[in-house]
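**Student:** dropping a prediction and its sequence here:
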Amino acid sequence: MIKCLKTSFGLLLFISFFCANALAEEAPIAVGTPVQEAQEPQEILNWEGCIKEAAKNHPDLIAAEEKVSQSEAGKKVVASALYPQVTGSVSGSTSRSASTTSSSTGDSYSYGVDGSQLIFDGIKTINNVNAASETIKASQQNFRFTSATVRFRLRSAFINLLNTQELLLITQEIYNIRRWDLALITLRYESGLEHKGALMTSDANLAQAQYGIDQAKRNVEVARRQLTKEMGRKELKALEAKGDFVVVDTASSKPDFEIYAKNNPSLQQIIAQKNSALFSLRAAYGNFSPALNANAGAGKTSPRWPPIKDQWNWGLTLSMPIFEGGLRFAHVGQATALFKQLEENERSTRDGIVLTLEQTWAALQDALANVGVQKKNLLATEERSTIAQAQYSTGFITYDNWIIIQDNLVSAKMSFLNAQSAALLAEANWIQAKGETLE
C-alpha cells in the first residue's frame, strides 16, 4: 500500500512538471516578459561585403593613400633639380638725374630667357632622389600597415556584432528557462511542496534574465555603430551580421615566424625609412663637394619698346662653401644619428614582431582548444539539466541541488558563446600579426 502511494505521488509531481511547462508556453505574456518590438527591415552583411566597403570608404585608408601621393610628389620636387631650370623675364625701368643746370631722363627695356643646368654636385641630388624613392616605399608599407589595422578593427567589430546577436538569442533562451522554472516552483509552492525562498529566488532569476535581454539589445546597437564606423559609413542603419563562429586560419602546425616577420609591413616600413636615411647621409657628405652649373641666356634690350638690341651670355659656375660655422658637419652628424637610430629600430621591430607572432599563435591554439572543452561542457550540462528537471519534479533531488544545475546550464551557454567569440578574435589577432591586409 505504501509503495503504491509513493508511486502515485511521484507520478503526480511528474505530471505537474509538464503542466508547468505547458502553462509557461501557453499562458499570456506577463509583466517583464520580452515583448517583440516592431523592427525596421535590416541590411544583412557578410564578411566579404564588409571588406569591400571598408577598402573603398574607410577614412584611415584614404588618408594613408594620400600620404603615398604626397611622397610621390615629394620625389618629383627633389628630382626637378636634375633637369634644366629655365626662366623668362621682361623688365622696364626709367630713371632721372638732375643738377643745378640741367636734368636728364633715361629709359631701359629688356626681355629674355635664362637657363641653368646642374652638371655635378657630388651626387648630392641623386642621393636625395634615392632617399625620396625609399620614402615612397615607406609610405606604401604604411598603407599596408593601416590596411592590416583596419582589417583587424573591422573583423573585431563584425565578430562583436555576431556575438551580441547570438547573445540576444541566448538571453531569450535563458529567460524561457527561468520562466519555466518559476512556473514549476509556483505550482510546488502553492501545493505546499516548496518554501517561499525558492519562489523568491526563481522570481529574482527571471528578473535577472529580463535584464540580460535588455542589456543584450543595447549591446547590439553599440556593435552596429562600431561596425558602421569601421566600414567607413557616415550614417547608422539597422544591420545584421551574417556568419558563423568557425575559425578558418587555425595554423595547427607551428609556422616559421621569421618568414612572416620578414614580410610584415611594420618591418618593411622601418627598412625603407632606414634606407632613406642612408641616402640622406650620403647626400649630407655631398655638401662637401663643389657644385658645377652651366648657365646661358639670350634676349633683347634698348631704351625704347620694343627692345631691338640683341644680347646673350653663357658660362660655367663653380661654387663651394668655405666656411659656414660647422653647418655641413652638423648635417652629417644629424644624418648619421638618424641612420643608426633606424638600424636599432629595425632590430627592435623585428624582434617584437616575432614575439607577437609566437604569442598570438599560442593564444589561437589555446582558444581553439577551449572551444572544444566548452562545447563538451555545454552538452554535458544540457543532459544534466534534462535529467534534473525530471528528478526535481518527482522529488528525487532538492531545490538547492536542482537550481545549481540550472545555473550551471545558463553559465555553460554563456561560456560556450564567449569561447567561440574569443577564438574568432584570436584568429583576427593572428592574421594581424602576420600583416595581412584587407586586399
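**Tutor:** Arrived safely, thanks for sending.

**Student:** so where's the protein shaky on pLDDT?
**Tutor:** For the chain, the stretches with pLDDT under 70 are 1-41, 98-104.

**Student:** again, 50 this time
**Tutor:** When residues are selected by pLDDT under 50, those of the chain lie in 1-38.

**Student:** let me see the ranges of the helices in it.
**Tutor:** In the chain, the segments counted as helices under DSSP state H are 2-26, 47-57, 59-79, 124-190, 196-231, 257-262, 265-286, 327-393, 399-434.

**Student:** right, and those - which one's nearest residue 87?
**Tutor:** With C-beta to C-beta as the measure, helix 59-79 is the member of the helices of the chain nearest residue 87 (17.4 Å). C-betas here are computed from N, CA, C, even on glycine.

**Student:** how far away is residue 309 from residue 158?
**Tutor:** When distance is defined by C-beta to C-beta, to the nearest Å, residue 309 is 78 Å away from residue 158.

**Student:** actually, residue 430.
**Tutor:** According to C-beta to C-beta, residue 430 stands 16 Å off from residue 158.

**Student:** tally of neighbours for residue 109?
**Tutor:** Using other C-beta atoms under 10 Å, residue 109 has 18 neighbouring residues.

**Student:** mind listing what it touches?
**Tutor:** Counting by C-beta atoms under 8 Å, 6 or more residues apart in numbering, residue 109 touches 91-93, 301-307.

**Student:** the closest residue to residue 225 other than its chain neighbours - how many residues pack around it?
**Tutor:** Once flanking residues are discounted, residue 225 sits nearest to residue 236: 5.7 Å by C-beta to C-beta, 6 or more residues apart in numbering. Residues near residue 236, counting by other C-beta under 10 Å, number 12.

**Student:** likewise residue 175?
**Tutor:** Counted with other C-beta under 10 Å, residues neighbouring residue 175 total 21.

**Student:** swap in residue 60?
**Tutor:** Neighbourhood size, residue 60 [other C-beta under 10 Å]: 16.

**Student:** for the one 4 residues further on, same thing?
**Tutor:** Taking other C-beta under 10 Å as the neighbour definition, residue 64 ends up with a count of 20.

**Student:** how close does it get to residue 227?
**Tutor:** Residue 64 sits 21 Å away from residue 227, going by C-beta to C-beta.

**Student:** the longest strand along the chain pairs with which strands, and in what direction?
**Tutor:** Longest strand in the chain, counting residues (DSSP state E): strand 103-120. As defined by DSSP bridges, the strand partners of strand 103-120 come to strand 85-98 (antiparallel), strand 291-302 (antiparallel).

**Student:** so for residue 257, which of the ones you listed sits nearest?
**Tutor:** Once the strands paired with strand 103-120 are compared by C-beta to C-beta, strand 291-302 is nearest, at 48.8 Å.

**Student:** could you pull out the buried residues of that closest one?
**Tutor:** Within strand 291-302, the residues scored as buried using 16 or more other C-beta atoms under 10 Å are 291-293, 297, 299.

**Student:** out of the residues you listed, flag the one nearest to residue 439.
**Tutor:** residue 291 (44.3 Å).
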